[in-house]
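A.B. asks: what's the 3D shape of this:
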Amino acid sequence: GSPTEEETYLYVKNVLSSMLKSTASKKAVIISGGVANFTDVRITFKGIIRALGEVSDKLKQQNTKVFVRRGGPHQEEGLLLMKEFLEKNDLLGEIHGPEMVLTDIVKPALEYVS
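C.D. replies: Numbers count the residues shown, from 1 in each chain. Predicted coordinates for the structure are as follows:
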């Protein structure tokens, strides 16, 4: 729990590297988790955004859509950072807070890649 921005960045960078090797015509990235008690959503999202930013052109080329459902400390700031990042980089995405049931983010992601 409570990973740093750097730890989150390194983890996401590795996950994206594996995903981008796939030859699927459409891809989905799901960034989801329960409502955190102590993990600062803003900090973890900064790490995620750094990793996504390094491969944003590849994500667009590979028809990747980002699905987000997250809640916890500083969630409003973190979700806004993600929304602004996706818009600035012209990436497809859906952003949700804890008003969405945790598992409900999976259905639209599966529908997108089907």
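
A.B. asks: Spit out the contact partners of Ala28.
C.D. replies: Taking C-beta atoms under 8 Å, 6 or more residues apart in numbering as the contact definition, Ala28 lies against Thr64, Lys65, Val66, Phe67, Ala109, Leu110, Tyr112, Val113. In this view, the C-beta of every residue, glycine as well, is placed from N, C-alpha and C.

A.B. asks: Kindly reformat those residues as CSV containing distance to Asp90.
C.D. replies: Listed next are these as CSV, based on distance: C-beta to C-beta, whole Å:
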residue, distance to Asp90
Thr64, 12
Lys65, 12
Val66, 12
Phe67, 17
Ala109, 19
Leu110, 23
Tyr112, 17
Val113, 19
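
A.B. asks: Mark which of those are buried, thanks.
C.D. replies: Among these, the ones that count as buried by 16 or more other C-beta atoms under 10 Å are Thr64, Lys65, Val66, Phe67, Ala109, Tyr112.

A.B. asks: hey, C-alpha coordinates of the lowest-mean-pLDDT helix or strand in the chain in CSV?
C.D. replies: Within the chain, no helix or strand scores below strand 27-35, which has a mean of 94 by mean pLDDT, DSSP states H and E. What follows is strand 27-35, C-alpha atoms only, in CSV (Å, rounded to 0.1, in the frame of the first residue of the first chain):
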residue,chain,number,x,y,z
LYS,A,27,-6.4,-2.5,-26.3
ALA,A,28,-7.7,-1.4,-23.0
VAL,A,29,-5.8,-0.2,-19.9
ILE,A,30,-7.8,-0.5,-16.7
ILE,A,31,-6.6,1.6,-13.8
SER,A,32,-8.8,0.6,-10.9
GLY,A,33,-8.8,-0.1,-7.3
GLY,A,34,-10.9,0.2,-4.2
VAL,A,35,-11.4,3.4,-2.2
